[in-house]
Each structure stands twice: as structure tokens, then as C-alpha cells.
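Chemist: 3D model of this:
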Amino acid sequence: MRDMTLAESMRAEGGTASFSLPASTIRRAILSSVIGNAMEWYDFVVFGFFTAAISKAFFPASDAFVSTLLTTATFAISFAVRPVGGVLLGIYADKVGRKPTLTLMILLMGLSTLIIGVTPSFETIGLAAPILIICARLLQGISVGGEFASATAMLAEYAPAKRKGFYSSFQMCSQALAVSLGAFSGFILGALMEPAALESWGWRIPFLLGLLIAPIGFYIRRHVDESPEFVRLNATKRPAASLPFQEVFARHRSPLLAGFGAVVIGTTSNYVWFIYLPLHIVQQLKLPISTMLLSTFIASGLLFVLCPLTGALGDRLGFRRVLATGALGFGVLAYPMLTYVLAAPSLDRLLVAQLASIVFISLIWGTMPGLLAGLFPVGVRSTGMSVSYNLAVLLFGGLAPFTLTWLLKLSGDPMVPAYYVIASAAVSLLALWIGRSDRTA
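Modeler: Okay, here's the model as predicted:
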């Protein structure tokens, strides 16, 4: 006789039982969230790491600045659809379930990865090349727009009551893993290939390798149980909000603001410190790309290790308190660390700056998912997190490479990235304070 599914078991017990889930079920839920989310972010960071090569392949221009600006604009354009994709997929996750949403998103990301990896250059097919890349980025934006909220909801809703932060932190572990794998693949390719070959076609290899994860992630997500809290919501005949988007704005405005504040500094640390800064280092500081990738690989590897520890710390001390400490520390450290690197650009100095910052970034990354999940009830959780997350990422993350490239050209001040981090930390702390909520510590 087959085993009952989680949903069948909960319905059999009236939906009120407190479950002790099998360890294998919990591991499968964590793996389904982590592997798919890692693929989503791997593709994003690889695009950022190879901006220079992609700009020459698809956006050739006589002025290198114009070419880079066009590519960073393409990087940013996917963020224009992220709020729309996030809200639509968030509503779908709150109405239909976390599992089908996660499965759909990994298919979208796999398709976009394939397009980027195999599209011929501008020189070969002309204007069709940048159009295809822009379409792929839009697909990525829709997919990633819903990924964070649905994957975080799945993790938080599988977690025991006092371990939400620890379980949810695996969401950010997967992002750190993605950055680390993207940097490592780029470093290995840089070591094995001539610069001309890497720039011509070698940059495609990480995308094609990332594509291999798609069928694995799809299989795992197809065979994971729906989240226990979502099943319980339906089993007790308390359906999800009929209009989750409307309910979020009508009844959860303070949590939305607090969530926005938490994500502002988190997305800045990712898109400025891990994605834009490598481009800045290669173009402005004239360090070889292999140096940048090796440093980022080591730093993100440490972040992968620290996130569960800081997530558990958030369970004990309160997510808001730990995250605010990280935001303050990262903001304070940004200027002296960038000054230190600029004084004598080298791998050693870059590594010191990134590792010192990682300590505070881990306080942000490890606690952000748990804080966001705790801000919203189950029936509107994916929608609420999607709105807070994607709005902050659009304004302070996706536009960051484009904005910083333009500001550097305008001002000629290489410290612009540090100013951006400081401003983001200030906005984050202010929004966290104004948007205080009783739902989370």
C-alpha cells in the first residue's frame, strides 16, 4: 500500500495535527529550493561577470563605455519585469501552491539560459542577436521575480517554529553558492583559455554548464511535497486570500516597508559587491579578470558557510536586530575597504576587503529570508515577499550596475560604489525602523 502524501495525512487528521516530518522529506524540500534557486542566480551572476565579453558579442560599439552601458542596461531590463513576474507568480503560489510555482520557474530559467548560451553574435545574425538576449533576460526576470518568495516560503513553511531563520537561510546559501560557482567557472576558464578565445566564445560555457542543472532541478521539484503550512491552510478550510495582492496593500503596509528595508541592503551587497564591483575592478583598476573571480569565489564560499550560522543567530536574537547590525557594519566598512583596494590594487587587498565585508553581509543574508517570511501570514506570504523583494531589487539592485557605470563616467570618482553602499544602508535602516511590525522580532 502506498504511503499517504503530506496533504492526505493532514486532511485525515483534520489539518490540525503538529507533524514531525521525516528527515528525508525535509531534506528533499531544502534541496528542491536550493538547487533551483542556485541555478536561477548562477545565470544572473555569470551574466554580470562576463559583461565585457557579452557587450562585444551582442552590443558592439566604437566606444567601450557605450557598449558596456548597453549591456548593463540589458542586465537591468529584466528587473523591469521582475515586479510583474514576482507578483503574478506570488499570487499563483498563494492560490495554487509553492510546488507548482517552483516547477514552472525552473523551466522558464532553463529556456532563458539556453537562449543566452547558443544565440549567435551580432556579427553573425545582426540585430536579431541583441533582441534574443533581451528576450532571454526578460524571461529570467519573470522567473527570478517569483523565485525568492516561493522558495523562501517553502523553506520557512517546512521549518520547526523556532528554526525558521536557520531553514530559510538556505535560500541565501544557494545564492552564495551560485556566486561561488559562477566565479569558479570563470576563473578556471580564464586559466585554461587564451583571453581572445574566452572573449569570443568561452564565456558561453558557464551558461551551457548551468543548463545541465535544469532537468535535475525540475525532477526534484516535481517530486517534493507541498509545504506543510500551505496544506494546513487548505485542509482547515481557511483558503488563501481571494485577492492576495489587494490584501497585502490593504492590511500589510508596515510589513511591506520593513521587508523593503531588509532587501535594500541585501540586494546592494549582491549586485554592487559581487556583480558590479568585479566589472569596476577589471575596467577601472586594471586588475586581470582571473584575480577578481578568484577573490569572489573565496569570499562567496565563506558566505555560503556563514549564512546558516547567522540564520540560527537570528532565531535566537531576532532577525531585525541581527540584520540591522549587518547593514550598519557593511555601510561603515564600505568606504575604508574600497579605499584600501584603490590604494594599491592587488588580489591580496581585494580579498581582504571582500572577506572583511562578508562578515557583515552574512548577518544580512542569513536573516533576511526569515525576517521576510515572518512578516506575512501564509495566505499572502509569497505575494507580500514578492512585492517587497522585487521593488527593492529593481530600485537598488538591478539598476545599480547601470547607475554606477553612468555615475563613474559623470564624476570620475572611483569611490562611487562605496557611496552607493552607504546610501543603501541608510535607506535600509530607516525603512526597517519606520516599518516596525509585531510579526517579527
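Chemist: mind listing the strands in the stretch 101-250 of the chain by residue range?
Modeler: Here the stretch 101-250 of the chain has no strands by DSSP state E, counting those that start in this stretch.
Chemist: So, low pLDDT: which residues of it?
Modeler: Under the criterion of pLDDT under 70, the regions of the stretch 101-250 of the chain flagged as low confidence span 236-242.
Chemist: Next one: the residue nearest to Val352 when sequence neighbours are not counted from Thr383, what distance?
Modeler: Of all residues not flanking Val352 in the chain, Tyr340 sits nearest, at 7.0 Å (Cβ to Cβ, 6 or more residues apart in numbering). Any C-beta I mention is one placed from the backbone N, CA and C, and that applies to glycine too. Taking Cβ to Cβ, to the nearest Å as the criterion, Tyr340 is separated from Thr383 by 42 Å.
Chemist: if I pick the residue nearest to Val352, what's in contact with it?
Modeler: Shown in contact with Tyr340 (Cβ atoms under 8 Å, 6 or more residues apart in numbering): 349, 352-353.
Chemist: of those, closest to Ser254?
Modeler: Nearest to Ser254 among the contacts of Tyr340 is Ala353, at 35.8 Å by Cβ to Cβ.
Chemist: By neighbour count, which of the contacts of Tyr340 wins?
Modeler: Within the contacts of Tyr340, neighbour counts (other Cβ atoms under 10 Å) peak at Ala353, which reaches 23 neighbours.
Chemist: Surely that one is in contact with Met337?
Modeler: Yes. Contact status for Ala353 versus Met337: in contact at 4.0 Å, counting by Cβ atoms under 8 Å.
Chemist: which residues are common contacts for these two?
Modeler: With Cβ under 8 Å, 6+ apart applied, the contact sets of Ala353 and Met337 do not overlap.
Chemist: ok, for Gly261, nearest residue in space, not its chain neighbours?
Modeler: Ala431 (2.8 Å).
Chemist: Tell me the one among the contacts of Tyr340 nearest to Thr296.
Modeler: Distance from Thr296 was checked for each of the contacts of Tyr340 by Cβ to Cβ. The minimum falls on Ala353, at 11.4 Å.
Chemist: With Trp365 as the reference, measure out to that closest one.
Modeler: Between Ala353 and Trp365 the distance is 17 Å, computed by Cβ to Cβ.
Chemist: With Pro83 instead?
Modeler: Here Pro83 is placed at a distance of 21 Å from Trp365 (Cβ to Cβ).
Chemist: Tell me which of the two has more neighbours.
Modeler: A direct count of neighbours by other Cβ under 10 Å for Pro83 and Trp365 places Trp365 higher, at 28 against 19.
Chemist: Check whether the more buried one really touches Ser269, as I assumed.
Modeler: Yes. Proximity of Trp365 to Ser269 meets the contact threshold set by Cβ under 8 Å, at 7.3 Å.
Chemist: who are the neighbours in contact with the residue nearest to Gly261?
Modeler: Ala431 makes contact with 257-258, 260-261, 264 under the criterion Cβ under 8 Å, 6+ apart.
Chemist: Please apply the same query to Val393.
Modeler: Applying Cβ under 8 Å, 6+ apart, the residues near Val393 are 79, 82, 263, 267, 271.
Chemist: tell me, how many neighbours does Val332 end up with?
Modeler: So Val332, with other Cβ under 10 Å, has 14 neighbours.
Chemist: next one: Leu107
Modeler: Neighbourhood size, Leu107 [other Cβ under 10 Å]: 14.
Chemist: what's the answer for Cys307, then?
Modeler: Summarising burial for Cys307: neighbours were counted as other Cβ under 10 Å, giving 30.
Chemist: now swap in Leu132 and tell me
Modeler: Neighbourhood size, Leu132 [other Cβ under 10 Å]: 17.
Chemist: With adjacent residues omitted, what lies nearest to Arg349?
Modeler: Of all residues not flanking Arg349 in the chain, Val341 sits nearest, at 4.9 Å (Cβ to Cβ, 6+ apart).
Chemist: And that neighbour, how far from Leu429?
Modeler: Distance of Val341 to Leu429, computed by Cβ to Cβ: 25 Å.
Chemist: which one of these two has more residues nearby?
Modeler: When Val341 and Leu429 are compared for neighbours, Val341 comes out ahead with 23 against 18, by other Cβ under 10 Å.
Chemist: Where does the more buried one sit: helix, strand or coil?
Modeler: Using DSSP: H, G, I helix; E, B strand; the rest coil, the structure places Val341 in helix.
Chemist: Name the next helix or strand downstream of the helix or strand harbouring Ala38, please.
Modeler: Taking DSSP states H and E as the criterion, the element that holds Ala38 is helix 23-49. Toward the C-terminal end, the helix or strand that comes next after helix 23-49 (DSSP H and E) is helix 51-58.
Chemist: Mind giving me the packing neighbours of the very next helix or strand once past that next one?
Modeler: Helices and strands here follow DSSP H and E; after helix 51-58, the next one along the chain is helix 64-95. Under the contact criterion of 3 or more Cβ pairs under 8 Å, 6 or more residues apart in numbering; DSSP states H and E, the helices and strands touching helix 64-95 comprise helix 51-58, helix 98-118, helix 128-158, helix 244-251, helix 381-393, helix 400-411.
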